[in-house]
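Provided below are the primary sequence and the corresponding predicted coordinates.
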Amino acid sequence: ATHSANFHQIEGLYVDTKPVSLADLKATLAYFAREMMGSGIGVRFRPHFFPFTEPSVEVDFTCHVCGGKGCRVCKQSGWIEVAGAGMVDPRVYRHVGYDPATTYGFAFGFGVERIAMIKYGVPDIRYFYENDLRFLEQFQ
Amino acid sequence: MRIPISWLNEYVDVSDLSVQELSDKLTFSGVEVEGIETDGPALDDHFVVGEVLTCDPHPDSDHMHVCTVDVGNGEKLGIVCGAPNCRAGLKVAVAKIGAVIPDGGFKIKPAKLRGVPSSGMLCSAKELAISQDHSGIMELDAALVPGTPLVNALPKGETVFDLEITWNRSDCLSVIGIAREFAALLGRPLKLPAVDFSEEDGTDVNALAKVVVETENCPRYTARVLTGVQDGPSPDWMAKRLEQCGVRSLGLIVDVTNYVMLECGQPLHAFDHTRLAENTIIVRQAREGETIRTLDGVDRKLDPSMMVIADRNAPVAVAGVMGGEESEIENATQTVLVESALFAAPSIKRTATALGIHSEASHRFERSVDPGVADWASRRAVSLLQKYGGGKVAKGVIDVDNRPAPAAPIRLSFARVRELIGIDLAADRMVSILVSLGLEVVSRDEGGASFKVPSWRVDLLEEADLVEEIARMNGLDNLPDVTPAAIAVAGADDAPFRAMAACREAVAAMGLSEAMHYSFLSAAELNAFNPDASERLVLPNPVSGDFGVMRDSLLPQLVQSLGRNYARQIESPALFEIGRVFWKKGDQPGEEARLSLGFCGPFGRGPLDRRRPVSNEEALLWLKGMVESLCATLHSPPPRFELEDFVAFEKGWSVAIKIGKGVAGRMGLVKQALRHPFRVNTAMAVAELALEPLLMNVGSHRALKPVPAFPGVRRDLALVAPETLSNGDIVKTIAKAAPKTLTNVTLFDIFKPKNLESGKRSLAYSLEFRSPDWTLTDDEVNAACEKIMTVLKNVLGVEVRAS
């Protein structure tokens, strides 16, 4: 299984009074990709939709197994879907009383288990909730 | 949503692009292609080209023939065939024994038809799921060689895309909608189909039908009427396209409504006009107690939250969701009323959810249908019905139009686009992208432009939405590389997180592994730990019954995980969890963070001492030691332990833990009944503590206590006391009877000498005395010990010896 009924995410939100762009979002996520997965890992955006970001994107990391050449793990595409992200929708700013005309920001969300599954090659999300010590003790 | 490329090609020319190019263009502009299929029947090597060598009349039937068929490799099969076009010399599609027929799914077995053996079947196009044609067997190209796999002899299937349409892009829920995307992406013209038909002179649609709209949930209702329509099978090309999109072909009239819906996104409904009482359509909310049998044969209870199409007597359709059986098109139907209407999205969503129906129509209405397309769709449907079903179109259209005025144009600031995307796009590029999507420039100046939004883009409501259009059409793959930078804000309060991290590391350092469990579980699992269900937080729509309640304790899952590990032959599993528990008092939900920890088996023993059985005492005292050690590491007030029964723990091995004021948690040995499912025959010790009291002092200020300047004196005390007298009570009594100079009381031995009466035990204590200001004398210490021993004898009735 790749999804569980438990919603477990790490979310990031950056809000500023000075302009912040999709390029900044991409650079931030690219930094995370390199630190988390290794120096050869890049980031790709695909347009998508979330109610709280506009523009919204889905974020792919370079497949760390084949380095982007294409393999079974990434279904020959060279990329693995990792996160949702986007520029914060002005409706969100209005909802909390910020002026959208002078507020800028981006947001992103990763499934916690998903990143671990990709990084360590865990085949099923249920491993994280089974708590088998032969699994847990590999992460000292 | 499924869409055949060949149908798409009718509205925008994409014939020069490869399948992969088409797929990538869509996916990278926001419509994800989830699957690419080539449709066409699954024909394995049981299907071959055959040649009919001989074809003789069947001795026992006047319409069947007995054939000898050459299927290649020298093999000749005797096959009985009932098709009228069967004759010698024909190249045919043969299904050999073992073949599974695509249409119907039945397997070919050796058979006898009217006494004559048949070893296979000659197939029609319908049987091979190629088309609806069942008039005879397929007549293949004469040049084909018998034995050729049939899949190589038939035209290749068509490519069908399976698209993921995001919730905001209701305009993409149609072939024309996707064609528009390609037209914009490729800069090619959009070709819309013709919608002409002829109206019958001397007729008036208003004489044939009346429409009354009595609800605010229907901003527009149009109706056209045709008489003399012949229902029957739809033309092949229409049936095929419906099938490629996953919609069943049910007859011309219904097929046309589905076809036009798939084509332009406007759901339509066709009523049998003669079954509408008084030729009247009333669009209204349902009344309490009304019912309807929908097209799927299910009887449904309606309520005033649901919008219906009704005639003078009763509801005839659940508006925008599903038609009723009563007014359903049947093969005989001759007079058709075509409904093309706009229904409010929230109303449709509510009704569809309440009735548990998800139809192609409700799917589109829920996401908002183009408010400008109803009449075009109606004309398109009528033109198709007239062309393929005959029929006379009554003159005019009934159009009850209460649509709100279109929204004001949206202002776009060019600077804002550059700021948000991070690319220095030219203003002309921004404008041309939006124009290619159908927006109209209303005004333009140095700083920006105002745009009128086309009716089909119900998702474009403000500037940010236009920025997204520009970003996705321009492409997200050429964002410049910038260095990520952010302002560091001092003063962010992460103390609670650091405290939790300290706790996690302290527990892990004791040798336990961190576990993680779901926040919810079943009521049955909770019952063994808390049979009182009154404060449980129950989920109204759980994913499954196993996850119906938010957990009110970490213990049930900890016990299960320990048990599962033990059952998998882990000799001494030890786990902890830091997580949240939930409850509901009255209608106020609440939650708190807790720590659970526990183990079973010889946890804590060295490698050469693991086989000696673990006593209850050893297990509980080891757990107690862990709790005390943890509190010491986290500087919380030292924990106090009191015996207290608990439903899940063995009697006498169940303890309440107090830290500071009030109860902070509990610990104990898990009952046999709860260990049994996992075959845990050894003691299982678990504890649960609220995090707040545990972490209250982490990071708090500490001042140094002065290091002692003067030596202390140690005295030992031995008592004989009943086993029921607790160490805690003895220590309390000693502390109360002692002067301030008593700095420590420690139990260092418990033993039962052979000659001691039963029910009693001997305890040995070490007492330490020290004064901060002078060296204590023997006399002072002796006096203190005398007093302590006297109090112990008198208050607790124990025998005391000093040494």
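Yes, it's here.

State the number of residues packed around whichever residue of chain B sits closest to chain A.
When scored by CB to the nearest CB, chain B has residue B:422 as its residue closest to chain A, at 2.9 Å. Glycine gets a C-beta too; all of them are placed from N, C-alpha and C. Neighbour count of residue B:422, defined by other CB atoms under 10 Å in any protein chain shown: 21.

try residue A:44
Using other CB under 10 Å, residue A:44 has 22 neighbouring residues.

ok so, going back, please give me every residue in contact with the residue of chain B closest to chain A.
A:21-24, B:479-480, B:482 (CB atoms under 8 Å, 6 or more residues apart in numbering or on different chains).

Which residue, other than its chain neighbours, is closest to residue B:539?
Closest residue to residue B:539 apart from its sequence neighbours, by CB to CB, 6 or more residues apart in numbering or on different chains: residue B:548 at 5.7 Å.

Equivalent analysis for residue B:585, please.
residue B:535 (5.8 Å).

most centrally placed residue in chain A?
Closest residue to the average C-alpha location of chain A: residue A:83 at 2.7 Å, with CA atoms, centre = their mean.

so where do the strands sit in chain A?
Using DSSP state E, the strands of chain A run over A:9-16, A:43-50, A:53-62, A:79-88, A:104-111.

repeat for the stretch 1-150 of chain B
Here the stretch 1-150 of chain B has its strands, by DSSP state E, counting those that start in this stretch, at B:2-4, B:32-38, B:47-57, B:65-70, B:76-81, B:91-95, B:111-113, B:116-118, B:121-122.

How about the stretch 651-800 of chain B?
Shown for the stretch 651-800 of chain B, the strands assigned by DSSP E, counting those that start in this stretch span residues B:663-670, B:684-690, B:713-722, B:742-751, B:760-769, B:799-802.

ditto for the stretch 201-350 of chain B
Counting by DSSP E, counting those that start in this stretch, the stretch 201-350 of chain B has strands at residues B:210-213, B:220-227, B:268-272, B:280-285, B:291-293, B:299-301, B:307-310, B:315-318, B:322-323, B:336-342.

Please produce JSON lines containing the ones you listed, extended by mean neighbour count and mean pLDDT.
Listed next are the strands of the stretch 201-350 of chain B as JSON lines, based on neighbours: other CB atoms under 10 Å in any protein chain shown; pLDDT from 0 to 100:
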{"stretch": "strand B:210-213", "mean neighbour count": "17", "mean pLDDT": "96"}
{"stretch": "strand B:220-227", "mean neighbour count": "23", "mean pLDDT": "96"}
{"stretch": "strand B:268-272", "mean neighbour count": "24", "mean pLDDT": "94"}
{"stretch": "strand B:280-285", "mean neighbour count": "20", "mean pLDDT": "96"}
{"stretch": "strand B:291-293", "mean neighbour count": "16", "mean pLDDT": "95"}
{"stretch": "strand B:299-301", "mean neighbour count": "14", "mean pLDDT": "95"}
{"stretch": "strand B:307-310", "mean neighbour count": "26", "mean pLDDT": "96"}
{"stretch": "strand B:315-318", "mean neighbour count": "26", "mean pLDDT": "95"}
{"stretch": "strand B:322-323", "mean neighbour count": "24", "mean pLDDT": "94"}
{"stretch": "strand B:336-342", "mean neighbour count": "26", "mean pLDDT": "96"}
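
Count the residues that sit near the residue nearest to residue B:539.
There are 19 residues near residue B:548, going by other CB under 10 Å.

list the buried ones in stretch A:73-90?
Residues A:74, A:78-90 are the ones in stretch A:73-90 that count as buried (16 or more other CB atoms under 10 Å in any protein chain shown).

Below-threshold pLDDT in the chain: ranges please.
Defaulting to chain A. For chain A, no stretch is flagged by pLDDT under 70.

actually it's chain B I care about, not the one you picked
The model of chain B has pLDDT under 70 over residues B:39-42, B:156, B:802-803.

May I have the phi/psi pair for the spatially most central residue of it?
For chain B, the residue nearest the mean C-alpha position is residue B:543 (8.3 Å; CA atoms, centre = their mean). Residue B:543 has phi and psi values of phi -60, psi -40 when expressed as degrees, to the nearest 10.
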